[in-house]
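Engineer: Sharing a model that was predicted from the sequence below.
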Amino acid sequence: MTETVRAGYRVRASALEGRNWLNTGGRQLGLEDLRGKVVLLDFWTFCCINCLHVLDELRPLEEKYSDVLVTVGVHSPKFEHEADPVALAAAVERYEIHHPVLDDPELLTWQAYAARAWPTLVVLDPEGYIVANLSGEGHAAGLDSLIGELVAEHEAKGTLHRGDGPYVPAEPTAGNLRFPGKAVPLPGGTFLVADTGHHRLVELEADLTTVRSVIGDGTKGWQDGSAAAARFNEPQGLAVLPAAVAGRAGYDVVVADTVNHRLRGVALATGTVTTVAGNGVQRLLDAGNHTKRGAGEEHPSESSTAEASGSGPSLTETALGNEPLNVSLSSPWDLTWSTALGRLVVAMAGTHQIFTFDPLSRSVDILAGTGLEGLLDGPGDSAWFAQSSGLAEDADGNIWVADSETSALRRLSFTADDGGTQVLVSTAVGAGLFDFGFRDGAAGEARLQHPLGVAVLPDGSVAVADTYNGAVRRYDPATETVSTLARGLSEPSDVLVDTTAEEPLLIVVEANKHELVRVPIPKEAQSVDEGARQTQRPASPVAAGPLALSVRFSAPKGQKLDDRWGDPTQLKISSSPEELLVSGGGTSTGLTRELVLSGSVPGGVLHITARAAACDGEPGGEIPDHAACHLYQQDWGIPVTIDAAGDTSLTLDLRGLD
């Protein structure tokens with residue numbers, strides 16, 4: 001980006017305000033302390049999988065520009081629990097964040113920079129002016145180019161100051177385990193644990209503390225081989241294969257190697273680790289129409305244009321095929337064996353979908369979910385999920401899903417007909433992306449807060465690791481009620497049933513205490529009502545009637561819009577309540593739309609998804625054969641209030657350059 005482009009839009013950066021700073025050794029930073037550096041503000045919240053992807057995208061840039069770039073994580077919480085400073089400090093340690101973090105629970109800095117989505121990236125030049133505003137993930141290549149230009153420009157001007165930044169590492173808190181994710185019982189009475197923060201697997205004795213064996217050398221990375229040499233990157237879910245399947249497959253356990261975007265197989269007798277699916281390249285959505293666009297190789301910033309026709313992917317159309325090592329996955333978070341399907345079911349958190357994996361053929365397929373984030377029931381090929389993170393099968397073959405970002409408990413049921421196996425998605429507990437709380441009682445009114453784990457109890461009821469409420473909850477399908485089995489836990493990330501005792505016990509993976517604990521199943525569950533809540537973000541006042549929506553997008557340097565098959569941009573718009581939007585909803589091409597808002601409701605939330613496809617090539621030129629193509633996407637949920645004096649236009653940045 002040239003100075004002439006920025007000259008007309010030189011806007012001073014706003015002050016960085018919040019409750020406290022982390023990773024600065026107690027120092028309270030201001031913009032003046034960062035003058036002379038390129039500053040990258042990363043507005044994030046630790047529940048958000050897209051935000052976690054961005055943290056990993058930024059690491060190479062932080063290393064490459066270590067003496068001129070300062071990243072500042074502005075933590076802008078979505079859930080109530082995320083506003084807890086202790087929980088935030090744990091998250092900063094857990095995700096190995098090596099830059100200063102501003103704790104902004106009141107969203108003061110969020111509002112000052114007009115952020116509207118997680119994640120949002122804002123780039124400041126060394127003189128303290130805003131030069132770019134980016135929403136979503138997949139911007140690493142564009143940021144690399146922009147930072148390089150800013151460094152050259154300001155070094156020539158004498159306004160760039162090289163040297164160390166203000167980052168000061170915090171003291172670690174973990175012990176034998178570090179932020180464990182999931183656990184499974186092994187046939188011999190021991191337990192295999194995903195020691196997520198140590199990037200390895202640990203086998204614990206029945207006492208849940210004594211380490212019997214370790215698989216992985218504890219170094220973040222990807223490497224197959226022996227137990228001592230293998231490497232993982234934040235592994236989460238584990239599934240033990242049926243003995244007959246394991247014998248033919250050659251491995252006993254499948255691991256969701258989350259940040260590596262791979263599935264790994266482990267032979268327990270030797271500890272040998274192999275990669276069984278995933279090429280390590282993160283995919284954002286299904287590959288359904290990707291090849292129809294004539295795109296080249298898949299790229300971390302890509303996602304699909306499958307919604308262009310307004311219909312979601314079908315199970316046949318989106319089958320990924322039997323080339324597991326050439327398939328792109330995205331943050332697989334949990335796995336469970338499905339007796340109904342004869343396959344593993346995989347919670348693909350990064351694309352908000354449910355996949356399957358066959359250990360024998362090693363084929364990978366999409367089971368349910370369009371890839372759009374939200375809560376929508378119905379047939380599997382049209383349902384919406386939101387960062388599904390926990391799976392369990394019941395005696396009837398149903399798959400229960402902890403759908404974390406909707407704070408929901410979902411169910412997948414299966415029926416067979418002449419067309420094959422049909423999938424139906426239903427919601428047992430939960431109301432939507434911005435609805436959460438701690439409330440027992442009738443399931444329709446009950447609320448969870450970002451659950452990550454689920455298990456089926458001996459009586460057929462379902463235990464939920466209600467992570468951000470620090471509790472284990474119980475859903476009874478017979479009475480359709482919710483109760484509380486245990487509380488006072490520290491971010492429980494998984495729950496399983498221990499049947500080795502005289503009476504069944506729960507084993508809870510207590511992530512933020514770095515341990516597994518046994519919890520009795522009470523004969524009388526508690527009934528808690530601490531209320532239902534919604535994510536509280538500042539609402540934008542808008543006038544009833546026409547609202548001109550515009551999403552700004554500029555392809556990064558070296559890319560051009562891919563218009564070979566028509567308009568490469570798209571908007572999908574809806575509202576809650578539905579009555580808020582009189583017209584202008586639905587899916588169509590283009591990044592501008594006229595909406596009409598009702599004056600008969602006080603307000604609500606506008607749900608907006610924007611997409612833009614670009615390929616490597618120069619503006620005005622032809623796109624080369626086999627060019628790498630990229631699809632940028634962002635979802636916004638924008639609270640609005642109807643006000644006669646409110647705005648009549650709304651401008652959002654998918655990739656805005658100032």
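Structural biologist: The structure has been received and is ready for your questions. Please read these numbers as outputs of a predicted model, since none were measured by experiment.

Engineer: so how far is stretch 207-227 from its chain's centroid?
Structural biologist: 25 Å (CA atoms, centre = their mean, to the nearest Å).

Engineer: How about stretch 182-193?
Structural biologist: Relative to its parent chain, stretch 182-193 has a centroid offset of 27 Å by CA atoms, centre = their mean.

Engineer: got it, and stretch 606-620?
Structural biologist: Computed by CA atoms, centre = their mean, the chain-centroid distance of stretch 606-620 equals 21 Å.

Engineer: For Q534, list the residues it contacts.
Structural biologist: By CB atoms under 8 Å, 6 or more residues apart in numbering, the contact set of Q534 is F434, D435, F436. Using the backbone N, CA and C atoms, a C-beta is placed for each residue, glycine as well.

Engineer: Can you add pLDDT and distance to W636 and give these back as JSON lines?
Structural biologist: As requested, the contacts of Q534 are exported to JSON lines (pLDDT from 0 to 100; distance: CB to CB, whole Å):
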{"residue": "F434", "pLDDT": "87", "distance to W636": "12"}
{"residue": "D435", "pLDDT": "93", "distance to W636": "17"}
{"residue": "F436", "pLDDT": "96", "distance to W636": "19"}
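
Engineer: who wins for most neighbours among those residues?
Structural biologist: Most neighbours among the contacts of Q534, by other CB atoms under 10 Å: F436, with 29 neighbours.

Engineer: distance of that one from Q570?
Structural biologist: Distance, F436 to Q570, using CB to CB, to the nearest Å: 30 Å.

Engineer: Could you do C615 as well?
Structural biologist: As judged by CB to CB, C615 and Q570 stand 16 Å apart.

Engineer: which ones are touching A239?
Structural biologist: By CB under 8 Å, 6+ apart, the residues touching A239 are V184, V253, V254, L335, T336, W337, L344.

Engineer: Kindly report the same for V193.
Structural biologist: Per CB under 8 Å, 6+ apart, neighbours of V193: L177, P180, K182, A183, L201, V202, E203, L204, V509, L516.

Engineer: swap in S338?
Structural biologist: S338 makes contact with L344, V345, T356, E393, G397, I399 under the criterion CB under 8 Å, 6+ apart.

Engineer: which stretches of the protein have low pLDDT?
Structural biologist: In the predicted model of the chain, residues 1-9, 284-322, 656-658 satisfy pLDDT under 70.

Engineer: In it, where's the longest helix?
Structural biologist: helix 140-157 (DSSP state H).

Engineer: ok, C615 and Q570, which is more surrounded?
Structural biologist: A direct count of neighbours by other CB under 10 Å for C615 and Q570 places C615 higher, at 24 against 21.

Engineer: In contact with that one, which residues?
Structural biologist: Neighbouring residues of C615 by CB under 8 Å, 6+ apart: A295, G296, Q559, K560, D562, I623, A627, A628, C629, H630.

Engineer: Repeat that for R178.
Structural biologist: Neighbouring residues of R178 by CB under 8 Å, 6+ apart: D195, T196, G197, H198, H514.

Engineer: I'd say the third one and A174 touch.
Structural biologist: What it means is G197. Yes - using CB atoms under 8 Å, G197 is in contact with A174, at 6.1 Å.

Engineer: Show me whatever sits in contact with both of those two.
Structural biologist: In contact with both G197 and A174: H514, using CB under 8 Å, 6+ apart.

Engineer: so where do the helices sit in the stretch 151-300 of the chain?
Structural biologist: Secondary structure of the stretch 151-300 of the chain by DSSP state H, counting those that start in this stretch: the helices cover 243-249.
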